[in-house]
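Asker: Generate a structure from the sequence data that follows.
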Amino acid sequence: MSVINPSFSMSRSKALQYYVLARLLLAPLMLLTIATIVFLLLRATPGDPADAILGTRAPEAAKAALREQLGLNLPLLQQYFNYLGDLFHFDLGSSLSSRGLSVWNVIQDYFPATVELTFFSMIVAVVVGVSVGAIAASNPGTIFDIGGRLFGIITYSLPLFWVGMVLQLIFAVKLGWFPLGTRFPVNLATPPQITGLYTIDSLLTGNWQLLFTALYYLALPSITLGILLSGIFERIVRINLKQTLQAEYVEAARARGIGERTILISHAFKNALIPVITVLGLTFAALLGGAVLTEVTFSWPGLGNRLYEAISLRDYPTVQGIMVFFGIIVVFASIAIDVINAFVDPRIRY
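Answerer: As a prediction, the model looks like this:
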């Protein structure tokens, strides 16, 4: 019977606390770096926000007045410190392309669509990737193993924009099985705005018709993105499960006469899923923060698509605000994943 050393447990807990504290203290520095890079890249990008907003044929006096209103006539260093001052007070500014709306309002309006697409895509990716990886690893040297490897390579390497356009052409345009370029039918009232997530709001109000409609419109983009992401999870599960099945404690379980199915589910599979937690969290955060390509490909009305529009219109406040918001998600998600891993896997040291 093994006995856990209390001093070891306390020292490990203390080390984890110091690690989390250090990461939290470094978070503002990382966010400052992100904000600075975004600020400088926007100013270095060719194009004038006044031309994008007013048009190239607008009077020069009107353009000059707009630049003065936006503070673009100030020296770059002064613009930068004004920008940091606003960030310090949690002021992301007002959107230039959405008159009358602050950047926080833009985020509030568009972010739920991004969360919903990301969530259902991750469900598809994990279910498909873990299933294919487990089947391939538990049947080494067979056609299932070869098929699993090919599946992981193909889904990982295929470009999303090309696959998305092909599947839309086949299933939406040719066959007409799925809708195209929208989140909800225009002739049907959306669910009452509680969370902004149509599926959750439909469940909370008990409206099953709206729930099935929301899932129907989510199906094609989430399945496409989920399958392309599943290759990541397939490769991780297959490699780690193969290593785990060759471990000494698995061989000992076989020597005791325990069945292969029990060994796979109760012993090997649990340990092989530990790396999946890290990839799952970071992939989810990356999707939330990098959904531009997905949403533009499927014309999904999320925050990534709104960011693309803001970049096209040289809407500096909206681009800066959305990028900082995405940076906050990624930074704190990585900290949360490290903490979860420390509790799940006692072998991790800090």
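Asker: Okay, helices next: where are they in the stretch 51-200 of the chain?
Answerer: 60-70, 76-88, 103-138, 143-157, 160-167, 198-205 (DSSP state H, counting those that start in this stretch).
Asker: and among those, the most buried is which?
Answerer: Mean neighbour counts were taken over the helices of the stretch 51-200 of the chain using mean count of other C-beta atoms under 10 Å, and the top value, a mean of 21, falls to helix 103-138. Every residue, glycine included, has its C-beta placed from N, CA and C.
Asker: And the helices of the stretch 51-200 of the chain, which one averages the lowest pLDDT?
Answerer: Per-segment mean pLDDT for the helices of the stretch 51-200 of the chain reaches its minimum on helix 60-70, at a mean of 78.
Asker: Need the residues that contact that helix.
Answerer: 48-51, 53-54, 73, 96, 316 (C-beta atoms under 8 Å, 6 or more residues apart in numbering).
Asker: now the angle from that helix to helix 76-88?
Answerer: For helix 60-70 against helix 76-88, the angle by axes from the mean of the first three to the mean of the last three C-alpha atoms, to 10 degrees is 50 degrees.
Asker: any weak-confidence spans in the chain?
Answerer: Applying pLDDT under 70 to the chain flags the ranges 1-13, 15-16, 55, 245-251, 253-254, 257, 259-273, 286, 289-291, 341-350.
Asker: switch the cut-off to 50
Answerer: Scanning the chain for pLDDT under 50 picks out 1-4, 8.
Asker: which residue packs closest to the most centrally placed residue in it, ignoring adjacent ones?
Answerer: Centroid-nearest residue in the chain, with C-alpha atoms, centre = their mean: Leu287, separated by 1.9 Å. Closest residue to Leu287 apart from its sequence neighbours, by C-beta to C-beta, 6 or more residues apart in numbering: Thr118 at 4.4 Å.
Asker: circling back: can you go through the contacts of helix 60-70 and name the buried ones?
Answerer: Neighbour-count burial within the contacts of helix 60-70 applies to 49-50, 53, 96, 316; the criterion is 16 or more other C-beta atoms under 10 Å.
Asker: Considering these, which is situated nearest to Asn305?
Answerer: Nearest to Asn305, judged by C-beta to C-beta, of these is Leu96 at 17.0 Å.
Asker: so who does that closest one touch?
Answerer: So, once contact is read as C-beta under 8 Å, 6+ apart, Leu96 ends up touching 49, 53, 70, 313-318.
Asker: List the contacts of the closest residue in space to Arg149 that isn't next to it in sequence.
Answerer: Sequence neighbours aside, Ala136 is the residue nearest to Arg149 in space, at 6.8 Å (criterion: C-beta to C-beta, 6+ apart). By C-beta under 8 Å, 6+ apart, the residues touching Ala136 are 144-145, 147-149, 234, 238.
Asker: ok, Ala136 to Glu234 distance?
Answerer: To Glu234, Ala136 is 7 Å away according to C-beta to C-beta, to the nearest Å.
Asker: And for Leu211?
Answerer: Distance of Leu211 to Glu234, computed by C-beta to C-beta: 30 Å.
Asker: Comparing those two, which shows the higher neighbour count?
Answerer: Higher neighbour count among Leu211 and Glu234: Glu234, with 28 against 18, using other C-beta atoms under 10 Å.
Asker: I'd guessed the more buried one sits against Gly152; true?
Answerer: Yes: if you go by C-beta atoms under 8 Å, Glu234 and Gly152 touch, sitting 4.3 Å apart.
Asker: Quick check: neighbours shared by these two?
Answerer: Listed as contacting both Glu234 and Gly152 by C-beta under 8 Å, 6+ apart are 132-133.
Asker: a markdown table for the contacts of helix 60-70, including distance to Ala172?
Answerer: Below are those laid out as a markdown table (distance: C-beta to C-beta, whole Å):
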| residue | distance to Ala172 |
| --- | --- |
| Asp48 | 37 |
| Pro49 | 35 |
| Ala50 | 38 |
| Asp51 | 36 |
| Ile53 | 34 |
| Leu54 | 37 |
| Asn73 | 47 |
| Leu96 | 33 |
| Tyr316 | 35 |
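Asker: Can you list which of these are found in strands?
Answerer: Assignment to strands by DSSP state E places none of the contacts of helix 60-70 there.
Asker: and which of those is nearest Trp104?
Answerer: Leu96 (14.7 Å).
Asker: separation between that closest one and Ile107?
Answerer: Leu96 is 15 Å from Ile107, where distance means C-beta to C-beta.
Asker: in stretch 177-197, what counts as buried?
Answerer: For stretch 177-197, by 16+ other C-beta under 10 Å, it's 178, 183-184, 190-191, 196-197.
Asker: give me every residue that touches Pro49.
Answerer: Contacts of Pro49 by C-beta under 8 Å, 6+ apart are 66-67, 70, 72, 96, 313-316.
Asker: One more pass at 6 Å, please.
Answerer: Arg314 (C-beta atoms under 6 Å, 6 or more residues apart in numbering).
Asker: now do Ile311
Answerer: Ile311 is in contact with Val319, counting by C-beta under 6 Å, 6+ apart.
Asker: do you know how far the closest residue to Glu116 other than its chain neighbours is from Leu117?
Answerer: Spatially, and ignoring its direct neighbours in sequence, Glu116 is nearest to Leu197 (5.0 Å; C-beta to C-beta, 6+ apart). Relative to Leu117, Leu197 is positioned 10 Å away (C-beta to C-beta).
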